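1. Whatever this is, show me its structure:
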Amino acid sequence: MPTVSVSVSQLDHSASHAVARGHALTMDRPEAKGGQNKGPMGGEAMLMGLGGCFMSNLLAAAVARNVALSAAKVEIEGDLAEAPPRYTAIRMRVSAGCEPADQMQKLVTIAERGCIVANTLRGAVDLTVECIG
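-> Next up is the predicted model:
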């Protein structure tokens with residue numbers, strides 16, 4: 001079974017630098033939480049990852065079916081619980097110009113079923129945390 005690997009390294013007192021396949025993302029806390037606002041927080045990056053995963057599948061589904069999409073957009077909101085901090089609900093709103101228009105819902109369904117992040121969030125994850133340093 002394939003494995004996906006990323007690395008996250010400390011930049012300074014609040015920021016970190018994530019790398020996946022040579023692509024980088026800086027994450028940080030907002031100033032109100034003791035950070036420097038150098039990038040999204042990890043929880044925001046997770047929602048961004050959900051949107052990116054979904055969008056990738058949506059665009060691929062359209063190309064595979066010769067459906068023209070334009071101005072595709074996914075807006076995501078996550079409701080937070082206080083303790084323990086976590087998302088209790090996540091909502092995605094998808095919009096796009098679609099030709100033919102009657103294919104849009106089918107593409108959204110295909111993208112949702114093919115999205116690794118959406119499938120993971122819908123189920124349970126075996127999470128392991130190991131301190132090696």
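2. which residue ranges form the strands in this protein?
-> Secondary structure of the chain (DSSP state E): strands at 7-10, 16-20, 23-27, 68-81, 86-99.
3. What's the mean pLDDT across the last one?
-> Model confidence over strand 86-99 averages 91 on the pLDDT scale.
4. That one - contacts with which helices or strands?
-> Using 3 or more Cβ pairs under 8 Å, 6 or more residues apart in numbering; DSSP states H and E, the elements in contact with strand 86-99 are helix 42-64, strand 68-81, helix 104-114. Glycine gets a C-beta too; all of them are placed from N, C-alpha and C.
5. ok, back up a step: among the strands of the chain, which is nearest Met41?
-> Met41 lies closest to strand 23-27 among the strands of the chain, at 6.4 Å (Cβ to Cβ).
6. buried ones in the closest one?
-> For strand 23-27, the neighbour count (16 or more other Cβ atoms under 10 Å) marks Leu25, Met27 as buried.
7. And for stretch 99-119?
-> Gln103, Met104, Leu107, Val108, Ile110, Ala111, Glu112, Gly114, Cys115, Val117, Ala118.
8. Can you add distance to Met55 and give the strands of the chain back as TSV?
-> As requested, the strands of the chain are arranged in TSV below (distance: least, Cβ to Cβ, whole Å):
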stretch	distance to Met55
strand 7-10	23
strand 16-20	16
strand 23-27	15
strand 68-81	6
strand 86-99	9
